[in-house]
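Peer 1: following is a predicted model, sequence given first.
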Amino acid sequence: MLIKTFGSAVFGVNALTITIEVSIGGGNRYHIVGLPDNAIKESLRRVESAIQSAGLKMPRQKIVINLAPADIRKEGSSYDLPIAIGILAASGQIEIPEIGQYFIMGELSLDGSLQSIKGALPISIQAKKAGFKGFILPKDNSREAAIVSDLLVYGMKNLAEVVSFFNGSEIHEPVVVNTRNEFFNNVSSYPHDFSDVKGQENIKRALEIAAAGGHNLILIGPPGAGKTMLAKRLPTILPPLNLQEALETTKIHSVAGKLSAADTLMTERPYRSPHHTISDIALVGGGASPQPGEISLAHNGVLFLDELPEFKRSVLEVMRQPLEDRQVTVSRSKLSVEYPASFMLIASMNPCPCGFYNHPEKECTCGPGIVQKYLSKISGPLLDRIDLHVEVTPVNFNELTSAFEAEKSEKIRDRVIKARAIQDDRFAAITTLHYNAQMSPNMVRNICKINDSGQVLIKQAMEKLGLSARAYDRILKVSRTIADLDGSPDIELEHLAEAIHYRSLDRDSWAG
């Protein structure tokens, strides 16, 4: 007898419908075809034990299982459940009328319990898109999948529950998640706040500008100056995720298997801080079975690279293209997948190996040329792609012990939201562009116009600092953001001067 069940394969952050065909006939061998990987080839051992644990019988006949389309490679253990249900239906042990109306996915343990899967959200979206009635999956993934409206989602603990569902011997209620309530009740709930930071008002100003325009930023200063503390609080002043951004971000984390059983929508902007020993594949994504990397997990949020010169050169260089294109394409011989990677890069570093170059109190012990050599670990092209270069100095004792209460993140965020609203209006006709940092060179020329005195100032700065053409564009973008924060329709001289000030770490002006 031939039975068809339906599941899904995830490619990038999207899913494709997979038909699991099960045929039982004369003979005594099991076969799985349709380009299965080793995890799928081993599934029949898990399926057999799980069926027996549920008090049912594994047929002792020839079983042929085909995963269609047969020319696409299938990976992972999440096909265990649809294979098991197909075998039970084909052998007449469960009722079959509604099997074809559901997506079925889940990994089986030997005792029949269901283990969580990756990519439940994109699979759920595909189930609705393909016109299926519902989605049956492990209970741990049910809240994540139930984000999709107009789709019946059933979270099951084990194979026996799935069998009882199809046989009608038990009533199972679908999981219901009110997406909008979940989103608005939890949006922007951060444990950190800028009011925790004593002093460093100039650094807070730079972070506010970065947040308002989506600019990349590097903090350079001695150990203990507060670089990491400040970077951790940057997400608290970014505009809250909108519903579309929350769905995009949740899809990526779902594919990577980063969501817990209690998670539904991600309502906080991601903050990723990988260690400097990370590999280039772990950073940008890929591998034998392509998975999103740290830059995609930071999509719509912040990627913080602490101690930037300690990262391997190859790791830093692979970020150059994603920083420009805001997406990553992972190509293999038989497939190519794309992951979104629109993130803010925040980096920090010591000014030299000992950490005390330009320190107001401690003496640098590095020899001649060592400071420049240390900075040279970061390539010029990468440094050019960082809009704001900010020097961080230590907080003095009086500021550290002051009872003065610093400005809260909420107030700073309000100003950032107003500046972003101006940019939303400016780029309303372009669906792929949302803030100043995303402007192309042509748009910079048209939107970031400066007067004659501004032209003289930026010419002097470029000649003195040895700035590149890309740095010129960055200065204009940052000055446009500063003007937006001031509510000014034009870029004034003071806006341009402040933007030039944030290029102070360019090669010709740092360490001689």
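Peer 2: Ah, there it is.

Peer 1: would you say residue 10 is within a strand?
Peer 2: Yes. According to DSSP: H, G, I helix; E, B strand; the rest coil, residue 10 belongs to a strand.

Peer 1: for the stretch 401-512 of the chain, which segments are assigned as helices?
Peer 2: Taking DSSP state H, counting those that start in this stretch as the test, the helices found in the stretch 401-512 of the chain are 409-426, 441-447, 452-465, 469-486, 493-501.

Peer 1: just the stretch 251-400 of the chain next, same as before
Peer 2: 280-284, 294-297, 313-317, 320-325, 370-375, 380-384, 397-400.

Peer 1: any chance of JSON lines for those helices, columns distance to residue 231 and mean neighbour count?
Peer 2: In this view, the C-beta of every residue, glycine as well, is placed from N, C-alpha and C. JSON lines is the format used below for the helices of the stretch 251-400 of the chain (distance: least, C-beta to C-beta, whole Å; neighbours: other C-beta atoms under 10 Å):
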{"stretch": "helix 280-284", "distance to residue 231": "17", "mean neighbour count": "19"}
{"stretch": "helix 294-297", "distance to residue 231": "15", "mean neighbour count": "26"}
{"stretch": "helix 313-317", "distance to residue 231": "17", "mean neighbour count": "15"}
{"stretch": "helix 320-325", "distance to residue 231": "17", "mean neighbour count": "16"}
{"stretch": "helix 370-375", "distance to residue 231": "19", "mean neighbour count": "17"}
{"stretch": "helix 380-384", "distance to residue 231": "18", "mean neighbour count": "17"}
{"stretch": "helix 397-400", "distance to residue 231": "19", "mean neighbour count": "10"}
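
Peer 1: so which of the ones you listed is nearest residue 255?
Peer 2: Of all the helices of the stretch 251-400 of the chain, it is helix 294-297 that lies closest to residue 255, at 8.9 Å by C-beta to C-beta.

Peer 1: one step back: so which of the helices of the stretch 251-400 of the chain is nearest residue 441?
Peer 2: Among the helices of the stretch 251-400 of the chain, the nearest to residue 441 by C-beta to C-beta is helix 320-325 (11.0 Å).

Peer 1: centre of the chain to that closest one, how far?
Peer 2: Helix 320-325 has its C-alpha centroid displaced from the chain centroid by 15 Å (C-alpha atoms, centre = their mean, to the nearest Å).

Peer 1: likewise for stretch 3-22?
Peer 2: Here stretch 3-22 is found 24 Å from its chain centre; the criterion is C-alpha atoms, centre = their mean.

Peer 1: quick one: buried residues of it?
Peer 2: 3-15, 17-22 (16 or more other C-beta atoms under 10 Å).

Peer 1: next one: stretch 49-56
Peer 2: For stretch 49-56, a neighbour-count test (16+ other C-beta under 10 Å) marks 49-51, 53-54, 56 as buried.

Peer 1: mind listing what the residue positioned nearest the centre of the chain touches?
Peer 2: Per C-alpha atoms, centre = their mean, the C-alpha nearest to the average position across the chain is that of residue 297, at 2.2 Å. Neighbouring residues of residue 297 by C-beta atoms under 8 Å, 6 or more residues apart in numbering: 252-253, 256, 258, 270, 272.

Peer 1: what of residue 46?
Peer 2: Applying C-beta under 8 Å, 6+ apart, we find residue 46 in contact with 77, 80, 107-110.

Peer 1: repeat that for residue 109.
Peer 2: Contact partners of residue 109, counting by C-beta under 8 Å, 6+ apart, are 46, 50, 115.

Peer 1: apply 7 Å and report the result again.
Peer 2: If you count contacts by C-beta atoms under 7 Å, 6 or more residues apart in numbering, residue 109 has them with 50, 115.

Peer 1: I'd like the distance between it and residue 377.
Peer 2: Distance of residue 109 to residue 377, given as C-beta to C-beta, to the nearest Å: 48 Å.

Peer 1: check residue 439 too.
Peer 2: According to C-beta to C-beta, residue 439 and residue 377 sit 29 Å apart.

Peer 1: nearest residue to residue 207 other than its sequence neighbours?
Peer 2: Distances taken as C-beta to C-beta, 6 or more residues apart in numbering place residue 234 nearest to residue 207, at 5.6 Å, with adjacent residues excluded.

Peer 1: report pLDDT for the one you found.
Peer 2: Note on residue 234: pLDDT of 93.

Peer 1: residues near the residue lying closest to residue 399 once chain neighbours are set aside, how many?
Peer 2: Excluding the flanking residues, the one nearest residue 399 by C-beta to C-beta, 6+ apart is residue 199, at 3.6 Å. Burial of residue 199 is recorded as 19 neighbouring residues (other C-beta atoms under 10 Å).

Peer 1: surely residue 199 meets residue 395?
Peer 2: Yes. Using C-beta atoms under 7 Å, residue 199 is in contact with residue 395, at 4.1 Å.

Peer 1: if I've got this straight, residue 63 is in a helix?
Peer 2: No. Using three-state DSSP, the secondary structure at residue 63 is strand, not a helix.

Peer 1: show me what contacts it?
Peer 2: With C-beta under 7 Å, 6+ apart, residue 63 has these contacts: 22, 24, 30, 87.

Peer 1: I'd like to know which of those are part of helices.
Peer 2: residue 87 (DSSP state H).

Peer 1: now, which of the contacts of residue 63 sits nearest residue 159?
Peer 2: Nearest to residue 159 among the contacts of residue 63: residue 87, at 11.0 Å, using C-beta to C-beta.

Peer 1: gap between that closest one and residue 63?
Peer 2: Distance from residue 87 to residue 63, by C-beta to C-beta: 6 Å.

Peer 1: now the common contact residues for the two.
Peer 2: With contacts defined as C-beta under 7 Å, 6+ apart, the residues shared by residue 87 and residue 63 are residue 22.

Peer 1: quick revisit: highest average neighbour count across the helices of the stretch 401-512 of the chain?
Peer 2: Ranked by mean neighbour count, the helices of the stretch 401-512 of the chain are led by helix 469-486 with a mean of 23 (mean count of other C-beta atoms under 10 Å).

Peer 1: contacts for that one, please.
Peer 2: The contact list for helix 469-486 (C-beta under 7 Å, 6+ apart) reads 209, 212-213, 215, 384, 387-388, 415, 419, 422-423, 436-437, 439, 441, 444, 447-448, 458, 462, 490-492, 495-496, 498-500, 502-503, 506.

Peer 1: over to stretch 256-275?
Peer 2: Residues from elsewhere that reach stretch 256-275, judged by C-beta under 7 Å, 6+ apart: 118, 140, 143-144, 147, 177, 179, 182-183, 186-190, 232, 235, 238, 241, 246, 249-250, 253, 283, 291-292, 294, 297-304, 306.

Peer 1: ok, 6 Å please
Peer 2: Contacts with stretch 256-275, where a contact means C-beta atoms under 6 Å, 6 or more residues apart in numbering, come from 118, 140, 143-144, 147, 177, 182-183, 186-187, 235, 238, 241, 246, 249-250, 253, 291-292, 294, 297-298, 301-304.
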